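J.: need a 3D model of the following:
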Amino acid sequence: MADWTGSTALIVVDMQKGFDNSEYWGPRNNPDCDSNVKQLITAWRSQNWPIVYVRHDSTTPSSPLAPHGEGNKFKDVLKGNPDLLVVKDVHSAFYGRPDLDAWLKENGITGVAICGIQTNMCCETTARMASDLGYEVLFVSDATHTFDIVTETKKVYRAREVALYTMLTFEADFGKVVRTSDLAG
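T.: You can find the predicted model right below:
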């Protein structure tokens, strides 16, 4: 186990079954994301460190993440109860309910480790906002995944490229990019 302290919360973003719908989302990267998230949760639990689960309740009725649908449920790798459950309908977990920033501050938490889905969307937005709020941020690159982006002109940006761009931008100004083995090795 790396030398981290209990003042770093693991924030598990949108690890929901609806993201397994490849017909809706398209091709993805990082098939090891789920197992790496599971390793992180296990490592945090073994140290009794704080864990936050974030769930996206889409306001689009046809979304695989719409409330009350099977896709809105957490994936099976998320065992046990978190210390906090944040529910949101936007990209950043800091705009969810209950107030994540207030909870972190009340509990003396000064850093966050971000993992989950999607790398370049809710994970990145949450991580950037955490940085702007003054938290030390670890972005666990191999414990996130995303999907190909296809533009209106049919240009395809592969998920692996999208994830790489996210990591390059994030590490330049917002925090530190790490791997699961750095935190749970």
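J.: tell me where the model's unsure across this structure.
T.: Low-confidence segments of the chain, defined by pLDDT under 70: 1-6.
J.: what about the longest strand in it?
T.: strand 136-145 (DSSP state E).
J.: how far away from the center of its chain is the helix or strand just after it?
T.: Next helix or strand after strand 136-145 toward the C-terminus (DSSP states H and E): strand 149-150. Relative to the chain's own centre, strand 149-150 is displaced by 20 Å; criterion: Cα atoms, centre = their mean, to the nearest Å.
J.: sheet partners, orientation included, of strand 149-150?
T.: Sheet pairing here is set by DSSP bridges, and for strand 149-150 it gives strand 156-157 (antiparallel).
J.: got a list of contacts for the longest strand of the chain?
T.: 8, 28-33, 36-37, 39-40, 110-119, 123-124, 127, 130-131, 159, 163, 167, 170-171, 174-180, 183 (Cβ atoms under 8 Å, 6 or more residues apart in numbering). Any C-beta I mention is one placed from the backbone N, CA and C, and that applies to glycine too.
J.: one more pass at 6 Å, please.
T.: Residues from elsewhere that reach strand 136-145 (Cβ atoms under 6 Å, 6 or more residues apart in numbering): 28-30, 33, 36-37, 40, 111-115, 117, 119, 123, 127, 130-131, 167, 170, 175-180.
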